[in-house]
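J.: Let's see this in three dimensions:
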Amino acid sequence: MKKFIQDNSKRYLSELFELLQIPSISSMAEHKPDMQKAAEKYVQFLMEAGADYAEIYPTEGHPVVFAQKVVDPRAKTVLVYAHYDVQPADPIELWKTPPFKPQVRDGAIYARGANDDKGQGFMHIKAFEYLVKTNQLKCNVKFIIDGEEEIGSPSLGKWAKENKKMLSCDDILVSDTTMIDEKVPSLNVGMRGLAYMEVEVTGPNKDLHSGHYGGAVANPINVLCSMIDKLIDKDGRITIKGFYDDVVELSKKERAMLAKAPFNEKEYMEFIDVDGLTGEKGFSTMERTGIRPCLDVNGIWGGYIGEGAKTVLPSKAYAKISMRLVPDQDHKKIAKLFEKHFLKLAPKGVKVKVKSHHGGQGFLCPISSDVYKSASRAITQVYGIEPVPNRGGGSIPVLADLQQILKANPLLMGFGLERDVIHSPNESYLLSQFYKGIESIALFYLIYTEK
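T.: Now for the predicted structure:
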């Protein structure tokens, strides 16, 4: 297997670069043609890898690519989920090389989507290709390549329900997450859910002179900042009534197991250049990002932000706020609780609107499952050390939908690293992780189908 991967490594990179060159940004309307182009490229590569068929299916939003290979209708079926859309590249000026002109330097691929998720998704296509070409594939494999993951997959849930029979499977395999470290491999057995909100605070019916009106009229930016400040108390707990009602408290034994994952707080702070950490009282940093919910302001704006000075009391102020949720918290319920709470925080003199953008549920995969055990054994063989079970702090909302619709557990077999800075300028993906990922995934199938 290693020789096969090595002999084809240049071709793998050349093909991956074809995908990375396409600016398939799902959140920007002007890139709609690029979304179609990327989908077509995935169909090409899936067919060349050995799929029985691969097609583009329209949805209410961007299209989804579906492919499958049936080796035996009686055999197990694995559904691979990946996504072909990427985050916007802004701010462009912070990239050392153009985001859609992939380049290899210092042992890593640099491009938007190098890790998230074109690089990681492509590993599955190449592992599948190896097994087909060497006649070692003993289970059925299906692929969903989503075009809207970066905007919350608003169309895929409905499409999956309508095509439930076609998507039927035993397990769902995903590579769209990180490992703890390249020397400390891990398997992600769960992720947090998400409720994403936007708020608007309106004061006067137009911008005012801050000298003539300042001190007498409520400033929407000041009010918004004050309202946001009241969302979290001094102990780092979210103040929304009912927010924690469905949060499952882990036992001491469960927390002790999760604590076995190596974590260096000093290195963590040095990596992001901060001199202190914060969060919910009574929980470690790893627990705060894995087993506890949180609330963060993702953007805030209003008034004059151009060059120089303009003494204005703004008419409006806005903020985008995300809440990461743990399994059993319902994102729709949390969105309603947030709206009710936030409106109550509004003082006289302003009007407040709350909008829910998108959301999704968290999920867990049992470590006792065959899919987890197979993945663990595969990674142990490739890395020489047994992977640590880990719970991720991020969200892939559609996976909870697929779990519910298809009654199959998702396992996140991710190979990214924190150094890859996904969603940021200079996103990258180590070549060593890319090739080890292909090998690990191929081994997973061989172990998964052992007699």
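
J.: Quick check, pLDDT for K451.
T.: Looking at K451, its pLDDT reads 67.

J.: Apologies, that question was intended for A256.
T.: pLDDT at A256 comes out at 85.

J.: And the strands in the stretch 51-200 of the chain?
T.: In the stretch 51-200 of the chain, strands defined by DSSP state E, counting those that start in this stretch lie at 53-57, 64-69, 77-83, 103-105, 108-110, 140-146, 171-174, 186-191, 193-202, listed in chain order.

J.: Roughly how far does the residue nearest to P387 when sequence neighbours are not counted sit from L443?
T.: Closest residue to P387 apart from its sequence neighbours, by CB to CB, 6 or more residues apart in numbering: P185 at 4.2 Å. The C-beta positions use only the backbone N, C-alpha and C, and glycine is treated the same way. Distance of P185 to L443, given as CB to CB, to the nearest Å: 13 Å.

J.: more crowded one of these two?
T.: Between P185 and L443, P185 has the larger neighbour count (other CB atoms under 10 Å), namely 25 against 20.

J.: OK, contacts around that one?
T.: If you count contacts by CB atoms under 8 Å, 6 or more residues apart in numbering, P185 has them with 179, 379, 383, 385, 387-388.

J.: for stretch 198-211, what is the average pLDDT?
T.: For stretch 198-211, the mean per-residue pLDDT is 97.

J.: Relative to S428, how far out is the spatially closest residue to L431 that is not a sequence neighbour?
T.: Leaving aside its chain neighbours, L431 sits nearest to G107 (5.6 Å; criterion: CB to CB, 6+ apart). Distance, G107 to S428, using CB to CB: 9 Å.

J.: Relative to K344, how far out is the residue nearest to P387?
T.: Distance, P185 to K344, using CB to CB: 47 Å.

J.: Surely the residue nearest to L431 and Y429 touch.
T.: No. Look at G107 against Y429 with CB atoms under 8 Å: they stay out of range, at 10.2 Å.

J.: Between the two, tell me which one has more neighbours.
T.: More crowded of G107 and Y429, by other CB under 10 Å: Y429, with 31 against 10.

J.: partners of whichever strand or helix holds the more buried one in the sheet?
T.: Under the criterion of DSSP states H and E, Y429 resides in strand 428-430. Note on strand 428-430: by DSSP bridges, its sheet partners are strand 108-110 (antiparallel).

J.: pLDDT of the partner strand, averaged?
T.: 98.

J.: And for the nearest residue to G50 once chain neighbours are set aside, the neighbour number?
T.: Leaving aside its sequence neighbours, G50 sits nearest to V132 (CB to CB, 6+ apart; 3.3 Å). Using other CB under 10 Å, V132 has 16 other residues around it.

J.: picking that back up, list the helices and strands the helix or strand following the strand holding Y429 packs on?
T.: Going down the chain from strand 428-430, the next helix or strand is helix 431-448, by DSSP H and E. Helices and strands touching helix 431-448, by 3 or more CB pairs under 8 Å, 6 or more residues apart in numbering; DSSP states H and E, are helix 2-20, strand 108-110, helix 118-133, helix 370-383.

J.: Start from the N-terminal end of this structure and give the helices.
T.: 2-20, 32-49, 118-133, 156-162, 164-167, 210-213, 220-229, 252-258, 265-272, 285-290, 331-345, 370-383, 397-406, 431-448 (DSSP state H).

J.: Output those as a markdown table; include the columns distance to Y244.
T.: As requested, the helices of the chain are arranged in a markdown table below (distance: least, CB to CB, whole Å):
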| stretch | distance to Y244 |
| --- | --- |
| helix 2-20 | 42 |
| helix 32-49 | 39 |
| helix 118-133 | 33 |
| helix 156-162 | 26 |
| helix 164-167 | 34 |
| helix 210-213 | 40 |
| helix 220-229 | 19 |
| helix 252-258 | 17 |
| helix 265-272 | 25 |
| helix 285-290 | 14 |
| helix 331-345 | 10 |
| helix 370-383 | 29 |
| helix 397-406 | 19 |
| helix 431-448 | 37 |
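
J.: just flag whichever of those has the lowest average confidence.
T.: helix 252-258 (a mean of 83).

J.: can you list the residues that contact it?
T.: Outside helix 252-258, the residues touching it (CB under 8 Å, 6+ apart) are 250, 286-287, 290-291, 389-391.

J.: that older thread, would you tell me which one of the helices of the chain is buried the most?
T.: helix 118-133 (a mean of 24; mean count of other CB atoms under 10 Å).

J.: With only the CA atoms kept, save that helix in PDB.
T.: Extracted in PDB, the C-alpha atoms of helix 118-133 (Å, rounded to 0.1, in the frame of the first residue of the first chain):
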ATOM      1  CA  LYS A 118     -10.800  19.400  -0.200                       C
ATOM      2  CA  GLY A 119      -7.600  17.900   1.100                       C
ATOM      3  CA  GLN A 120      -9.200  15.700   3.700                       C
ATOM      4  CA  GLY A 121     -12.100  14.700   1.500                       C
ATOM      5  CA  PHE A 122      -9.800  13.800  -1.400                       C
ATOM      6  CA  MET A 123      -8.000  11.300   0.800                       C
ATOM      7  CA  HIS A 124     -11.200   9.200   0.800                       C
ATOM      8  CA  ILE A 125     -11.400   9.200  -3.000                       C
ATOM      9  CA  LYS A 126      -7.700   8.100  -3.300                       C
ATOM     10  CA  ALA A 127      -8.100   5.300  -0.600                       C
ATOM     11  CA  PHE A 128     -11.200   4.100  -2.400                       C
ATOM     12  CA  GLU A 129      -9.300   4.100  -5.700                       C
ATOM     13  CA  TYR A 130      -6.500   2.000  -4.200                       C
ATOM     14  CA  LEU A 131      -8.900  -0.600  -2.900                       C
ATOM     15  CA  VAL A 132     -10.800  -0.800  -6.200                       C
ATOM     16  CA  LYS A 133      -7.700  -1.000  -8.400                       C
END
